[in-house]
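> next one to model:
(chains A, B, C and D)
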Protein chains: 2
Amino acid sequence: MDKKDYRSTLIETATRLFAERGLHGVSIRELASAAGVSISMISYYFGGKEGLYSSVLQEQFACYVHIEEIRNRDAAPLNKIEDYIRWTVRRHRNQPYLLRFYTSELTNPTRFFSEIVQPAIGRVIQVLIEIVEEGIAQRQFRKGLNPVDTVLVMAGMANYYFLSTLATESFINHSPERDEELIQHYLDIFTKGILV
Amino acid sequence: MDKKDYRSTLIETATRLFAERGLHGVSIRELASAAGVSISMISYYFGGKEGLYSSVLQEQFACYVHIEEIRNRDAAPLNKIEDYIRWTVRRHRNQPYLLRFYTSELTNPTRFFSEIVQPAIGRVIQVLIEIVEEGIAQRQFRKGLNPVDTVLVMAGMANYYFLSTLATESFINHSPERDEELIQHYLDIFTKGILV
DNA sequence: GTCTATATTGCGATAGAC
DNA sequence: GTCTATCGCAATATAGAC
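I've put the predicted structure just below:
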């Protein structure tokens, strides 16, 4: 908790509040009061509430450029898939509110979706499709696989674990200590399936 | 488009608008105007905007009781898993706005989450865990599987396909004609994995 | 840069006529 | 059951003092 300037403090506070209640669920009064500044600061630094929301969104999705490093790694397709899963888990742990923006923009898109969110998610899916196609071409993955469906299974399992937290936390342990075990199980199921 | 009473018309209109923009994203003025009634009808029938939202939510999640039929079927665990996937796809196709409420309540819960949404989703996950445990006990599924992680993979892949639509529709075909193929691929990957 | 005060608009709810 | 009119309040944005 270093001393921050008002601009950073506002972004920090807004990230939490927008994540918890959405763009329309929070007023600039509440935002300013929670950040300990006056409401006029929001217009001053961000040009209004939507500008602040847009800045928060850009910061949250900036990390998606990292998919290019996974893409360009000189590694076997299966290792890249492991990279993707580890990176996804790490992303959600480091940015506890990321998934809120991710899903809230996917289901109730604001006018910033097409500019910030769609390119980020779309690019990740495209890179993953490339990786699966590469794996099939190198005969490491099965021939009959549909790359698109394979990728959606993979992205689904990696993200849904975090999405489901609120509905299952009363009977499923979601603590970070179990992450390594989770990653191993996910890779195991994804590569070998569930049948004996 | 039958002739409907105002109550049903309001539920129908509100389902679309709340799904697209969330509880706070829509005003009762807009709701009433889109439904072609006066705003006082919302108080009259539902006791206010939140009452209307609650009715919409209850209607959307009523279908979740159907998981008990899958649970009680006299069928092999693998067949029950296929049932679950088919039922999930059907559910999202029949109720195009269901996933909006599902994810928006999971990420920005309203005060109706714990009463309506959590019990529905939680129960489905619990039944699926039972099914996987049964499959392991009957030696149809692999011994080392963690039932919880297995279920989260399954629920993730079944739901994420629909969740991702908005970000991938420009390069992935999400039309219902492909659903049967999708279900087959998903079952195939989930049972056999991706490796050769 | 930061504040207070205020302009203006839109909100949810409801009283009361029909 | 349904409407119009209106109340009281909270919203965003900004002008202007410091």
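
> quick one: contacts for the residue of chain A most remote from its centre?
Largest separation from the mean C-alpha position in chain A: A:Val196, at 33.3 Å (Cα atoms, centre = their mean). The contact partners of A:Val196, by Cβ atoms under 8 Å, 6 or more residues apart in numbering or on different chains, come to B:Arg139, B:Gln140, B:Phe141, B:Arg142, B:Lys143. All C-beta atoms are positioned from the backbone trio N, CA, C, and that covers glycine.

> and which of those residues is nearest DNA strand C?
For the contacts of A:Val196, the residue nearest DNA strand C by Cβ to the nearest atom of the strand is B:Phe141; the value is 49.0 Å.

> isn't that closest one up against B:Lys80?
No. With contact defined as Cβ atoms under 8 Å, B:Phe141 does not count as touching B:Lys80 (11.7 Å).

> can you pick out the most distant pair from the contacts of A:Val196?
Using Cβ to Cβ, the pair of those lying farthest apart is B:Gln140 and B:Lys143, separated by 10.8 Å.

> so does the lengthiest helix in chain A get close to chain B?
Using DSSP state H, we find that the single longest helix of chain A is helix A:118-137. Yes. Legend: contact between helix A:118-137 and chain B by Cβ under 8 Å from any Cβ of the partner chain is shown at A:Gln118, A:Ile121, A:Gly122, A:Ile125, A:Gln126, A:Val132, A:Gly135.

> ok, so of the residues you listed, who is nearest chain B?
A:Ile121 (4.0 Å; Cβ to the nearest Cβ).

> host element of the residue nearest to that closest one when sequence neighbours are not counted?
Nearest residue to A:Ile121, sequence neighbours excluded (Cβ to Cβ, 6 or more residues apart in numbering or on different chains): B:Ala167, at 4.0 Å. Assigned by DSSP states H and E, B:Ala167 belongs to helix B:165-168.

> gap between that helix and the chain center?
17 Å (Cα atoms, centre = their mean, to the nearest Å).

> over to stretch A:150-159?
Using Cα atoms, centre = their mean, the offset of stretch A:150-159 from its chain centre is 13 Å.

> same thing with stretch A:4-17?
20 Å.

> could you tell me which residues of chain A lie near DNA strand C?
Applying Cβ under 7 Å from any atom of the strand, we find that chain A lies next to DNA strand C at A:Asp5, A:Tyr6, A:Val37, A:Ser38, A:Ile39, A:Ser40, A:Met41, A:Tyr44.

> SS state for the last one?
Each residue gets one of three states, and A:Tyr44 gets helix by DSSP: H, G, I helix; E, B strand; the rest coil.

> I'd like the distance between it and chain B.
Distance, A:Tyr44 to chain B, by Cβ to the nearest Cβ, to the nearest Å: 25 Å.

> just the helices in chain A please.
Under DSSP H, chain A gives helices at A:6-21, A:28-35, A:40-46, A:49-61, A:67-72, A:77-94, A:98-107, A:118-137, A:147-163, A:165-168, A:179-192.

> mind putting those into TSV with distance to B:Ile11?
What follows is these, written out as TSV (distance: least, Cβ to Cβ, whole Å):
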stretch	distance to B:Ile11
helix A:6-21	24
helix A:28-35	31
helix A:40-46	37
helix A:49-61	30
helix A:67-72	42
helix A:77-94	35
helix A:98-107	20
helix A:118-137	31
helix A:147-163	27
helix A:165-168	24
helix A:179-192	39
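
> of all the ones you listed, which one comes closest to B:Arg21?
B:Arg21 sits nearest to helix A:98-107 of all these, at 10.0 Å, using Cβ to Cβ.

> which residues does A:Gly156 contact?
Listed by Cβ under 8 Å, 6+ apart, the contact partners of A:Gly156 are B:Gly156, B:Met157, B:Ala158, B:Asn159, B:Tyr160, B:Tyr161, B:Leu163, B:Ser164.
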